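Q: Next come a sequence and a model predicted from it.
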Amino acid sequence: MQKDELIQLHTFLLQLKTHLEDIVTNNGGAEFLAYKKLDVTPYQVYKSKREHKLAVFTLSRGIAILLSNNDCPGLEKVSNRLNQMAERFMTDKEKELIKF
């Protein structure tokens, strides 16, 4: 996937996150703390492809957790797999910052 495609996906997931936060009943906000700590938004096109890839996996994980907390069964496994994928792209510094 090219960087511009990754940024488009990142933008879509951020819009999905915003929409889901508006409509779900059990929204504590804790699902997206790791994403917020990364401090990578789709509008920061100067960030590296690796940083955007990590943000996409972390944001997707938060969405899966949010949905699994709201009676969408089966998403715990998806969340765990996304966590594993995100860890593959993390530096040691990011692992210390986030600590899933």
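A: Good, I have the coordinates. Numbering: from 1, shown residues only.
Q: Disregarding residues adjacent in the polypeptide, which is nearest to residue 89?
A: residue 54 (4.3 Å; C-beta to C-beta, 6 or more residues apart in numbering). Glycine gets a C-beta too; all of them are placed from N, C-alpha and C.
Q: That neighbour and residue 94 touch, don't they?
A: Yes. Look at residue 54 against residue 94 with C-beta atoms under 8 Å: they come within range, at 7.0 Å.
Q: Please enumerate the shared neighbours of the two.
A: Jointly contacting residue 54 and residue 94 under the rule C-beta atoms under 8 Å, 6 or more residues apart in numbering are residue 38.
Q: out of the two, which sits in the busier spot?
A: The neighbour count for residue 54 versus residue 94, taken as other C-beta atoms under 10 Å, is higher for residue 54 (25 against 19).
Q: Show the contacting residues for the residue most central in space within the chain.
A: Nearest residue to the geometric centre of the chain (C-alpha atoms, centre = their mean): residue 59, 1.1 Å. Residue 59 sits next to 10, 13, 14, 17, 32, 35 when contact means C-beta under 8 Å, 6+ apart.
Q: tell me the SS of it?
A: For residue 59, the assignment made with DSSP: H, G, I helix; E, B strand; the rest coil gives helix.
Q: Look at it and report its pLDDT.
A: Listed pLDDT for residue 59 reads 95.
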